[in-house]
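# Model the structure of this input:
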Amino acid sequence: MTKWAASLIRISTHEVETLQKRLAEIVERRTASELRVAMLDAEAEAEGKRAEGDASAGWYMIGYREGYKRRRAEMLVQIDQCHQEEVGARDALAEAFENLKKYEHVAEQAKVLATKKQGAFEAAQLDELGLRRKAVGF
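Below is the predicted model:
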C-alpha cells in the first residue's frame, strides 16, 4: 500500500472515530434530557398528591405548575435540538464511513494492480531468461 493511501485511510479512520464519539455524546445528552423530563413528571405527580391532602398547598401549586410547565417545555426543546443534532451527526458519520470504505477500496485496488504489474514483470524476466538459455543452447 502506498504512503498516501495509508495516510488517507488513517485520517479517515480518525474522522470516523471522532464522529462516533460525538454521536455518543449527543445520544447521552438526549437520554439525560429525557430522563430529566420523566423525573419532572414524577415530581409533579408526587407534588399534586401531596397538595390534595393540604388545602393551603393549593395556592402554592399554581406557581409550582407554572414552573413545571416552563421547565418541561425547556427540556422538550432541548430534546428536539439533541434529536436534530443526532440526525446530522449520523449523516456525517455515514458519509465519513463511506469515504473511508472508498479509500480502502482504492488502496486495495492499487495493491492488486501493483501485484499484477509485479507478476507481469517477473513473467517477462522469466521469458527473457528462457530465450537467452534457448539462444545459448540449454
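# The strand or helix carrying Glu74 - contacts with which helices or strands?
Taking DSSP states H and E as the definition, Glu74 sits inside helix 57-136. Using 3 or more Cβ pairs under 8 Å, 6 or more residues apart in numbering; DSSP states H and E, the elements in contact with helix 57-136 are helix 3-53. Every C-beta, even on glycine, is put in place using the N, C-alpha and C of the backbone.
# The helix it packs on - contacts with which helices or strands?
In terms of contacts (3+ Cβ pairs under 8 Å, 6+ apart), helix 3-53 is packed against helix 57-136.
# neighbouring contacts of stretch 30-39?
Arg72, Met75, Leu76, Gln78, Ile79, Cys82, His83, Glu86 (Cβ atoms under 8 Å, 6 or more residues apart in numbering).
# hmm, back to that, average model confidence for the helix holding Glu74?
For helix 57-136, mean pLDDT rounds to 91.
# Give me the buried entries from the contacts of stretch 30-39.
Met75, Gln78, Ile79, Cys82, Glu86 (16 or more other Cβ atoms under 10 Å).
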